[in-house]
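[1] quick one: sequence plus predicted model below, questions after.
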Amino acid sequence: MFSFFRRGAAVATDQASHDDLAKASQTGACTIIDVREPNEFAAGRVPGARNMPLSRFDPAALPQDKPIILICQAGGRSARALSACRAAGLADARHYKPGTGGWIAKGSPIEK
């Protein structure tokens, strides 16, 4: 179970932990959305991530079947995407604040 969920209810946090992101990448239990531009995404991403660039980000286009983890390079763009999600009424989205750079710094794998 992900740390931002407790007994089926969302915990009041906007951030997914490294463990949450690693579990989502391994199991597919959450949808990972990378909001970097396509060229950045192509250079390397968290395994299993889908690309929805912030420049054309639309919360209504997000999959509705699983919780969402948003990621960018360093946390700024994913925080803006999260704000757009909140404004659209989506409560089951979180962002990984350290970004792809933080993911790589922890020694986690990337795919190209």
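    Nice, thanks for sending it over. Numbering: from 1, shown residues only.

[2] for the residue nearest the centre of the chain, what are its contacts?
    Centroid-nearest residue in the chain, with C-alpha atoms, centre = their mean: Leu70, separated by 2.1 Å. Contact analysis of Leu70 by C-beta atoms under 8 Å, 6 or more residues apart in numbering lists Ile33, Val35, Ser78, Ala81, Leu82, Cys85, Ala93, Arg94, His95, Tyr96. Using the backbone N, CA and C atoms, a C-beta is placed for each residue, glycine as well.

[3] distance of the closest residue in space to the fifth one that isn't next to it in sequence from Ile71?
    Okay, so that is Leu82. Leaving aside its chain neighbours, Leu82 sits nearest to His95 (4.6 Å; criterion: C-beta to C-beta, 6 or more residues apart in numbering). Going from His95 to Ile71 by C-beta to C-beta, to the nearest Å gives 7 Å.

[4] Ala29: how many residues sit nearby?
    15 (other C-beta atoms under 10 Å).

[5] pLDDT value on it, please?
    Note on Ala29: pLDDT of 90.

[6] for it, give me phi and psi.
    Dihedral pair for Ala29: phi -70, psi -20, per degrees, to the nearest 10.

[7] surely it and Asp20 touch.
    No: contact criterion C-beta atoms under 8 Å: Ala29 and Asp20 do not qualify, at 9.3 Å.

[8] residues contacting Ile110?
    Ile110 makes contact with Gly44, Arg45, Val46, Pro47, Thr100, Trp103, Ile104 under the criterion C-beta under 8 Å, 6+ apart.

[9] let's see if you can find the most crowded of the residues you listed.
    Thr100 leads the contacts of Ile110 on contacts (other C-beta under 10 Å) with 25 neighbours.

[10] now do the contacts for it.
    Asp34, Arg36, Gly44, Arg45, Val46, Ile71, Cys72, Gln73, Ile110.
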